[in-house]
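Enquirer: fold the following for me, if possible:
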Amino acid sequence: MSAEERRESVVRAAMIEFARSGYRGTSTEAIARRVGVSQPYLFRLFPSKQAIFAAAAERCIEETWRVFDEASVGLTGEEAAAAMSEAYLGLVEDGEQLMMQMQLYVSVFASRMAGEDEIGESARRLWGELFERVRERVGGDVQGTTEFFAYGMLINALVALGFPREHRIWDGFGEHEDGRAGDR
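Expert: Numbers count the residues shown, from 1 in each chain. Coordinates of the predicted model:
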């Protein structure tokens with residue numbers, strides 16, 4: 001395996017480990033073990049645990065965009081937003097993708113409270129880029145993009161809390177009386 005392939009394996013393993021245990025609760029030893037490499041080799045690929053987390057966070061957000069992009073290619077406006085929303089539901093039903101997102105938010109907040117903001121700077125940049133990509137896809141409307149992300153965060157909460165899709169709390173995502181797809 002090349003160093004780049006091994007690096008890719010580390011990022012995938014890190015996403016799983018960080019999703020399950022968070023930044024502070026994940027050891028680089030656990031990541032190395034999952035990949036099948038030694039801890040010293042891990043640090044030849046990445047200079048620090050923080051760099052591994054940053055790569056995992058970037059992958060998480062890039063994966064979100066990939067799903068949005070594939071679902072909405074050739075669409076704009078409400079059609080694009082609806083397609084991305086449906087695809088997002090499928091993405092976050094994979095618990096590890098959702099948990100990595102949630103751990104990213106928690107880790108940024110915890111680091112900021114501890115007076116450290118490197119993770120936050122990177123996460124805000126990545127999230128801002130995702131916001132802008134979505135804004136462009138839905139036609140440039142900042143308000144609509146904000147609502148799209150607000151619904152996404154609600155979806156995160158409902159999925160994380162384990163509400164089944166049949167539960168009435170999801171009804172606001174259903175079809176309108178005129179047959180139009182739900183708001184998101």
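
Enquirer: what's stretch 125-140 in contact with?
Expert: 57-58, 61-62, 64-65, 68-69, 72, 75-78, 80-81, 84, 141-142, 144-145, 148-149 (C-beta atoms under 8 Å, 6 or more residues apart in numbering). Yep, even glycine has a C-beta here, placed from its N, CA and C like the rest.

Enquirer: name the residues of that stretch that are buried.
Expert: Within stretch 125-140, the residues scored as buried using 16 or more other C-beta atoms under 10 Å are 126-127, 130, 134-135, 137-138.

Enquirer: now swap in stretch 143-158 and tell me
Expert: For stretch 143-158, a neighbour-count test (16+ other C-beta under 10 Å) marks 144-145, 148-149, 151-152, 155-156, 158 as buried.

Enquirer: picking up where we left off before, could I have the buried ones of the contacts of stretch 125-140 as ChimeraX selection syntax?
Expert: In ChimeraX, this line selects whichever of the contacts of stretch 125-140 come out buried by 16+ other C-beta under 10 Å:
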select :57,58,61,64,65,68,72,78,80,81,84,144,145,148,149
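
Enquirer: which members of the contacts of stretch 125-140 are positioned in helices?
Expert: Judged by DSSP state H, helices contain the following of the contacts of stretch 125-140: 57-58, 61-62, 64-65, 68-69, 72, 77-78, 80-81, 84, 142, 144-145, 148-149.

Enquirer: the strands in the protein, which residues?
Expert: For the chain, no strands are identified by DSSP state E.

Enquirer: how about low-confidence regions in it?
Expert: For the chain, the stretches flagged by pLDDT under 70 are 174-184.

Enquirer: out of the buried residues of stretch 125-140, who's nearest residue 97?
Expert: For these, the minimum distance to residue 97 (C-beta to C-beta) is 13.7 Å, reached by residue 130.

Enquirer: state the distance from the closest one to residue 40.
Expert: Residue 130 sits 34 Å away from residue 40, going by C-beta to C-beta, to the nearest Å.

Enquirer: residue 49 now?
Expert: Using C-beta to C-beta, we find residue 49 at a distance of 14 Å from residue 40.

Enquirer: these two: who's more crowded?
Expert: Taking neighbours as other C-beta atoms under 10 Å, residue 49 and residue 40 compare with residue 49 leading, 18 against 8.

Enquirer: how about that one, nearest residue that isn't a chain neighbour?
Expert: In space, and not counting its chain neighbours, residue 49 is closest to residue 28: 5.3 Å by C-beta to C-beta, 6 or more residues apart in numbering.
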